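S.K.: Here is my input; please provide its structure:
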Amino acid sequence: MGFFNFFKSQFIEVIEWTDQSSNTMVYRFPVQNNEIKMGASLIVRESQVAIFVNEGEIADVFTPGHHVLYTQNMPILTKLKSWKTGFNSPFKAEVYFINTKQFVDQKWGTSNPIMMRDPDFGIIRLRGYGIYSYRVSEPVIFLKELFGTNASYDTSSIEGHLKKMILSGLTDLFAESQIPALDLAMHYDELSNEGKDKMQERFAKFGFEITSLYIENLSLPKEVEQAMDKRTTMGVLGNLNTYTQYQAAEALRDAARNEGGGMAATGAGIGAGAAIGNVMANALNQNQQQATPPAEPAKMACPHCQAQIRVSAKFCPDCGKSVQQKTIPCINCKAEIKEGSKFCGECGTKQVTEKICNSCGTVNGPTAKFCGDCGEGLEG
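M.R.: From the prediction side, this is the model:
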């Protein structure tokens, strides 16, 4: 029986791996005390990569397909020559199967709140969670940097480290984005894509490629959410003065319906009525103050461009010309009147602008007493 088992162990074997779980990343073949023989068949399936390690060194990387291995482990002959080592071959060779499929639905979440400065609420504490997926893109780097010579390796072995890397990157991303807390929900997709790009370099150091990252929810502390609810309520109520009047009227109606008797109830009703009256008076006064617009300054038309300007203005803001009216003295009472006026506003005297000589027809000034041409008197 022992001799038969000896020869059975020397048959050319088929090396393959069928994954029975959803989170195994690495499987090492053979297990302890098994040896890879000359001419062994290697079957690599889709979504797998096989790394052949011969005498402690990476010899080759096999992609999906059928491969034949040639090592120093010669069938039968190796066993016969290995009697000094207890029939354990001194030539060891190993095959590591690397699972290259995507490992999806990996969860991340904030164990502690993220402190942020918000333009609306000041300093806030932000919590969030979501999912991500990744796969092995560089099997050799993955072997050297992570699992080494372990017989198996699954996602739980690296889950904690990857989650902390993602949280570190997203915390930095949220702070740099400076997006207000009220607007975070509309930027989930943008933040997810930026977070994925930010993680690529970090994942590549372990031979990984992050294929997706999603933010499912970003939530604020209960106190901030209550403040947001109050702000929403204020927006729904609209004009607070009108709402105050409504509340006062409702309180007055409730007080009038109070059927409680006695002087105490009467006094309480009087006090409540006075308080409500004060509230309503204040609300009405505020509404009247808000409803009365400030008086606008008196305006007039510019004599040059007809633009509307203030009466007290000295120059027109549109054309820049002076708007001050020129004055002349009344020919009778010497009061200042607007140039070109036909009558004096003080004494009512008609303002003659010129005098024509009856003798020679010469036009003289309004204050002339004798004709400047013929010397004839102009009075009378």
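S.K.: Next, count neighbours for the nearest residue to residue 209 once chain neighbours are set aside.
M.R.: Leaving aside its chain neighbours, residue 209 sits nearest to residue 137 (3.9 Å; criterion: Cβ to Cβ, 6 or more residues apart in numbering). The C-beta positions use only the backbone N, C-alpha and C, and glycine is treated the same way. Neighbour count for residue 137, taken as other Cβ atoms under 10 Å: 16.
S.K.: separation between residue 137 and residue 377?
M.R.: 122 Å (Cβ to Cβ, to the nearest Å).
S.K.: for residue 93, same thing?
M.R.: Residue 93 is 147 Å from residue 377, by Cβ to Cβ.
S.K.: Name the nearest residue to residue 156, ignoring sequence neighbours.
M.R.: Residue nearest to residue 156 in three dimensions, not counting chain neighbours: residue 23, with 6.8 Å by Cβ to Cβ, 6+ apart.
S.K.: Distance check, residue 96 against residue 212.
M.R.: Taking Cβ to Cβ, one finds residue 96 at 26 Å from residue 212.
S.K.: Look at these two and report which has more neighbours.
M.R.: Taking neighbours as other Cβ under 10 Å, residue 96 and residue 212 compare with residue 96 leading, 25 against 14.
S.K.: Does the more buried one touch residue 59 like I think?
M.R.: No: Residue 96 is beyond contact range of residue 59, at 11.4 Å (criterion: Cβ atoms under 8 Å).
S.K.: Now do the shared contacts for those two.
M.R.: Common neighbours of residue 96 and residue 59 (criterion: Cβ atoms under 8 Å, 6 or more residues apart in numbering): residue 53.
S.K.: mind listing the strands for the stretch 201-350 of the chain?
M.R.: Ranges of strands within the stretch 201-350 of the chain are 208-219, 299-301, 308-310, 327-329, 336-338, based on DSSP state E, counting those that start in this stretch.
S.K.: Ranking these by mean neighbour count, which comes first?
M.R.: Mean neighbour count (mean count of other Cβ atoms under 10 Å) peaks for strand 208-219 among the strands of the stretch 201-350 of the chain, with a mean of 18.
S.K.: ok, it: who's next to it in the sheet?
M.R.: Neighbouring strands of strand 208-219 in its sheet, by DSSP bridges, are strand 122-136 (antiparallel).
S.K.: Quick check: buried residues in the strand it pairs with?
M.R.: For strand 122-136, burial by neighbour count (16 or more other Cβ atoms under 10 Å) applies to 124, 126, 128, 130, 132, 134, 135, 136.
S.K.: Kindly report the same for stretch 16-23.
M.R.: Within stretch 16-23, the residues scored as buried using 16+ other Cβ under 10 Å are 16, 17.
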